[in-house]
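A.B. asks: Mind folding the following:
(chains A and B)
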Amino acid sequence: MMIESTLLSSLTDLSHGNQAQKDALKMLNEIGLPHKKSEAYKFTSITSILEKNVSFESKEESKVDTSKLYKEDGSHLVFINGVLSNKDSNISPKLKLEIRAVTEGLHDPFSLLNTAYAQEEVSIESGYEDPVFIYHFNTNGISNPRIKVNVKDGHTFRIVEKLITPEEKKTFTNSYIEFTVGKNAFGYHTKVQNYNAETFSHETVVASVSRDSHFYNNTFSFEGAMVRNNLTINLADENCEGHMYGLFLLDKKSHVDNNTSVDHLKPNSYSNELYKGILDEKSTGVFNGKIYVRQDAQKTNAFQSNNNILLSEDATLHTKPQLEIWADDVKCSHGCTSGQLDEDAIFYLRARGINEKSAKAMILNAFASETMEYVKVESVRNEIQSLIDKKLM
Amino acid sequence: MISIKNLHASIEDKEILKGINLEVKAGEVHAIMGPNGSGKSTLASVLAGREDYNVTSGSVTFENENLLALSPEERAQKGIFLAFQYPVEIPGVSTTNFLKTAINQVKEARGEKALDAVHFLKLMKEKMKLVDIDQALLSRSLNEGFSGGEKKRNEIFQMAMLEPKLSILDETDSGLDIDALKIVADGVNTLKTDKTATIVVTHYQRLLDYIVPDYVHVLYKGRIVKSGDKSLALELEEKGYDWIKEELATV
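C.D. replies: Okay, here's the model as predicted:
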């Protein structure tokens, strides 16, 4: 019944779809999109919000403004409504890239939706080209960009991903990116989510990490009507690491939901998660962090922390750690805090001659900056820092 | 320099200061002593502008200006410095960075030119010697994980950097061993000129062996009940505060 909602019925027909896509649609038809009582979407009723807000009749397309691309060496991949645009991209010939038929993905509703309706699947592979910047332009309402990244054995691969949406039109982007990290390799993935009041998105990131490898995800959220991040890391072998860092610095009526999950499957793996929230005005922040430690995964170290500062009485925060541990020899910890700005700290700085506004900005900046440690691309780091500064000033 | 007249202040409707009168001139050192809960720290906080306290009546004039109308930062910019009893830990903000911001905002307020990085470092090096503080400590998060002594030395270091006209030391001696106490006192003494003044708030006489006061005042139940010279401090050390309480009771 959900599936017959305006959301799905308005999507383009599936005549282009291959077997994987038809299977995905069948599965999606069975499970449906999340509804009000879906636990995983308790604080983000995305389906009904989309039904109410987003009209998916294709209208006149807005322009692609490539001045928003990073000025940094590397490959710049521009996707327009889920389709790689060669004309707008700047792709190094050294980057191994393939545009191919859609292959299977995760089986949660929005991943299935992406699988079913993606126009194409772009796969890229580490090699001589790094970093890779991926830009998703959504110009006509709905898009399902789909990317698969292969970090080969022994390689380091840095991926930066960004969605760019028009301010004058409501859009919904349902993106999907999947990383396969080979042995003894490092994958870095950074997202900057600085959207607008018309932007709705559901963004799935999944990584499967092999022996002796590390995967880092950094997600920085500044504005959006409703943004849902689903991050799943599978630590599939021994001695691998998953790192999850996030900042949601929100105001107005922005709503950002970070749903993260790390699964320790084998012994001696490590995960660390740090999410920080600063919520002002009528914004809403959600953090849900799941840690699974399977029976085989002895000697796991898993740490999680979520700290939040609420700057307004109208801001809302939901935070929920979730640990499920089947192994008996593990070290796991989690903690979350939420509170107001520390008045004693502000007074201390003011008593040294620093004005109130700067004092607050200084404290919040220090609080927020801790999440930036693993952003390994200079221009992106600078962009994030200046977005933080701008928001706090 | 500062003139406090009939100052009443309360917190959450509880009156703590019940009519303080105090006059401090340039070049002077005043000690304010008194038993716990007498209002010493409240007085220091009210002078620095902490907003938790409500001034219900009285006046404070600092260099012919109504101090009570000014924000904490304006007071600091005009030359008031409070060395905190419990310096606040601020994660992620280094002492160096914070002080650079502070000094330049103070300079801006005074219409002076901002210090560039070179001059700032030079000034820092010079003042670090004064309180024997290590540069590594200053690049760490402000007060975070500092020992009690390190925190207090950092307070005096900040005072040296900001060169205030009126310094208020709130229980700077509490929790300090004798070596740290000497360093702190030496620092304060070196910074003293005939144009600056110091108010030393303390529970113990010990600090006053090193920072010698011109006047000693005893604060009790929100009022200054006795004033004298440094010999009063010695008397208090010897006899405790009970004789003052008794003396007051008989009046």
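
A.B. asks: C-alpha from now on. contacts and neighbour counts both.
C.D. replies: OK.

A.B. asks: Any idea which residue is closest to the centre of chain A?
C.D. replies: For chain A, residue A:229 is the residue whose C-alpha lies nearest the centre (CA atoms, centre = their mean; 4.5 Å).

A.B. asks: Could you report the distance from the nearest residue to residue A:70 once chain neighbours are set aside to chain B?
C.D. replies: Spatial nearest neighbour of residue A:70, excluding adjacent residues (CA to CA, 6 or more residues apart in numbering or on different chains): residue A:379 at 7.0 Å. Distance, residue A:379 to chain B, by CA to the nearest CA, to the nearest Å: 22 Å.

A.B. asks: Report the buried residues of the helix or strand hosting residue A:379.
C.D. replies: Following DSSP states H and E, one finds residue A:379 within helix A:378-392. The neighbour-count check on helix A:378-392 (16 or more other CA atoms under 10 Å in any protein chain shown) flags A:380-381, A:384-385, A:387-388, A:392 as buried.

A.B. asks: possible to save those as TSV with pLDDT?
C.D. replies: Converted to TSV, the buried residues of helix A:378-392 look like this (pLDDT from 0 to 100):
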residue	pLDDT
A:380	96
A:381	95
A:384	96
A:385	95
A:387	96
A:388	96
A:392	92
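
A.B. asks: Turn these into CSV, columns for distance to residue A:366.
C.D. replies: Compiled in CSV, the buried residues of helix A:378-392 are given as follows (distance: CA to CA, whole Å):
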residue, distance to residue A:366
A:380, 18
A:381, 15
A:384, 13
A:385, 11
A:387, 14
A:388, 10
A:392, 11
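
A.B. asks: So the residue nearest to residue B:162 when sequence neighbours are not counted: helix, strand or coil?
C.D. replies: Leaving aside its sequence neighbours, residue B:162 sits nearest to residue B:103 (CA to CA, 6+ apart; 6.4 Å). Classification of residue B:103 using DSSP: H, G, I helix; E, B strand; the rest coil returns helix.

A.B. asks: and if you look at residue A:106?
C.D. replies: Secondary structure of residue A:106, per three-state DSSP, is coil.

A.B. asks: residues in contact with whichever residue of the stretch 151-300 of chain A sits closest to chain B?
C.D. replies: Going by CA to the nearest CA, chain B is nearest to residue A:276 of the stretch 151-300 of chain A, at 13.7 Å. Shown in contact with residue A:276 (CA atoms under 8 Å, 6 or more residues apart in numbering or on different chains): A:246-248, A:306-308, A:367-368, A:371.

A.B. asks: can we see that at 7 Å?
C.D. replies: Residues in contact with residue A:276 (CA atoms under 7 Å, 6 or more residues apart in numbering or on different chains) are A:246-248, A:306-308, A:368.

A.B. asks: How about residue B:61?
C.D. replies: Each residue near residue B:61 by CA under 7 Å, 6+ apart is listed here: B:2-4, B:67.

A.B. asks: Can I get these in TSV including distance to chain A and pLDDT?
C.D. replies: Shown next, in TSV, are those (distance: CA to the nearest CA, whole Å; pLDDT from 0 to 100):
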residue	distance to chain A	pLDDT
B:2	17	95
B:3	20	96
B:4	19	96
B:67	13	96
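
A.B. asks: Top of these by number of neighbours, please.
C.D. replies: Counting neighbours by other CA atoms under 10 Å in any protein chain shown, residue B:67 leads the contacts of residue B:61 with 23 neighbours.

A.B. asks: thinking again about what came up before, mind telling me what element the residue nearest to the centre of chain A is part of?
C.D. replies: Going by DSSP H and E, residue A:229 is part of strand A:226-235.

A.B. asks: got a list of contacts for that strand?
C.D. replies: A:199-210, A:241-242, A:254-265.

A.B. asks: The residue in chain A positioned nearest to chain B: which element?
C.D. replies: The minimum distance from chain A to chain B, using CA to the nearest CA, falls at residue A:353 (4.1 Å). Counting by DSSP H and E, no helix or strand carries residue A:353.

A.B. asks: That one against residue B:105, yeah?
C.D. replies: Yes: under the criterion of CA atoms under 7 Å, residue A:353 makes contact with residue B:105 at 6.4 Å.

A.B. asks: Between the two, which has more neighbouring residues?
C.D. replies: Shown here are residue A:353 and residue B:105; by other CA under 10 Å, residue A:353 has more neighbours (31 against 21).

A.B. asks: List the single closest residue to the closest residue to chain A within chain B in space, sequence neighbours excluded.
C.D. replies: Proximity of chain B to chain A (CA to the nearest CA) peaks at residue B:73, 4.1 Å away. Using CA to CA, 6+ apart and skipping residues adjacent in sequence, the residue nearest residue B:73 is residue A:353, 4.1 Å away.

A.B. asks: Please apply the same query to residue A:74.
C.D. replies: Excluding its sequence neighbours, the residue lying closest to residue A:74 (CA to CA, 6+ apart) is residue A:131, at 5.1 Å.

A.B. asks: tally of neighbours for the one you found?
C.D. replies: By the criterion of other CA under 10 Å, residue A:131 has 21 neighbours.

A.B. asks: give the contact list for it.
C.D. replies: Contacts of residue A:131 by CA under 7 Å, 6+ apart are A:74-75, A:157-159.

A.B. asks: neighbour-wise, which of these leads?
C.D. replies: For the contacts of residue A:131, the largest neighbour count, defined by other CA under 10 Å, is 24 neighbours, found at residue A:157.

A.B. asks: Tell me who's in contact with residue B:220.
C.D. replies: Counting by CA under 7 Å, 6+ apart, residue B:220 touches B:34-35, B:38.

A.B. asks: right, I mislabeled it, should have said residue A:147
C.D. replies: Contact partners of residue A:147, counting by CA under 7 Å, 6+ apart, are A:121-123, A:176-178.

A.B. asks: Now the two most distant members of those residues.
C.D. replies: Across those, the longest distance by CA to CA is 11.8 Å; it joins A:123 and A:176.

A.B. asks: helix, strand or coil for the residue nearest to residue A:320 when sequence neighbours are not counted?
C.D. replies: Nearest non-adjacent residue to residue A:320, counting by CA to CA, 6+ apart: residue A:288, 4.8 Å away. Three-state assignment for residue A:288 (three-state DSSP): strand.

A.B. asks: and residue A:288, how many neighbours does it have?
C.D. replies: So residue A:288, with other CA under 10 Å, has 18 neighbours.

A.B. asks: now residue A:357
C.D. replies: Quick note: residue A:357 (other CA under 10 Å) scores 12 neighbours.

A.B. asks: in the stretch 151-300 of chain A, which spans are strands?
C.D. replies: A:156-164, A:171-181, A:186-194, A:199-209, A:214-223, A:226-235, A:241-250, A:255-264, A:270-279, A:284-293 (DSSP state E, counting those that start in this stretch).
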